[in-house]
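In: Could you work out the structure for the sequence below:
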Amino acid sequence: MNKKTSDTREKILTTAEQLIYQNGIHATGMDLLVKTSGVARKSIYRYFATKDDLAAAALNGRDERWMQWFSTESDKGDTPADRILNMFTVLKGWFDSEGFRGCAFINTAGEVGDPDNPVREIARQHKQKLLDYTLDVTRQLNIDQPEALARQLLILIEGAITTAYVMGDGSAADNARDVAKILLEQAIR
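Out: Reported below is the predicted structural model:
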């Protein structure tokens, strides 16, 4: 793949990801994508056979970047407990950022009725990666039930994201962090 081909494909994916996050999959039509990206429809279809293929590729890219960002920022804590609590500090920064529209994976999965649709599968895989990352950190605590704590933390993370978006309440991250502290205290006893 030459540089021009790679640049064009990346431009399409970046634009699609931004539009899907801002408007949703159904509201992101090919006309809007062509207009916003400046890439001809024929060129878009050269890279992606269908709009669903494009949406899936854009969401896969977002998954990789989001997980890299979240884990790198969360891992700035000194201890495993600090890293767990830092997850909620990281989320708060995201909630307070311009353009925050909740979780792209929850939003897009909600648009798709078919549980076998690739978009739903990408959303499921994203949530599994988030659980796996959380489990990696809880295992570092050397506690009896790291899996149970990881699942509880995932629910706190997801609940905070949803509450922040739906209710416009950035303090949801602080509230979830407070609950995470209690869970950590109980787990470490």
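In: Please enumerate the helices of the protein.
Out: 3-23, 30-37, 41-47, 51-74, 80-95, 104-111, 118-139, 146-167, 172-188 (DSSP state H).
In: Serialize these to CSV and add fields for mean pLDDT and mean neighbour count.
Out: Any C-beta I mention is one placed from the backbone N, CA and C, and that applies to glycine too. Listed next are the helices of the chain as CSV, based on pLDDT from 0 to 100; neighbours: other C-beta atoms under 10 Å:
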stretch, mean pLDDT, mean neighbour count
helix 3-23, 90, 16
helix 30-37, 94, 14
helix 41-47, 93, 14
helix 51-74, 96, 17
helix 80-95, 98, 20
helix 104-111, 94, 19
helix 118-139, 97, 18
helix 146-167, 98, 18
helix 172-188, 97, 17
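In: got a list of what Ala56 touches?
Out: By C-beta atoms under 8 Å, 6 or more residues apart in numbering, the residues touching Ala56 are Pro118, Val119, Ile122.
In: so what's the nearest residue to the last one once chain neighbours are set aside up against?
Out: Pointing back at Ile122 there. Using C-beta to C-beta, 6 or more residues apart in numbering and skipping residues adjacent in sequence, the residue nearest Ile122 is Leu59, 4.7 Å away. Residues in contact with Leu59 (C-beta under 8 Å, 6+ apart) are Glu17, Ile20, Ala104, Phe105, Thr108, Val119, Ile122, Ala123, His126.
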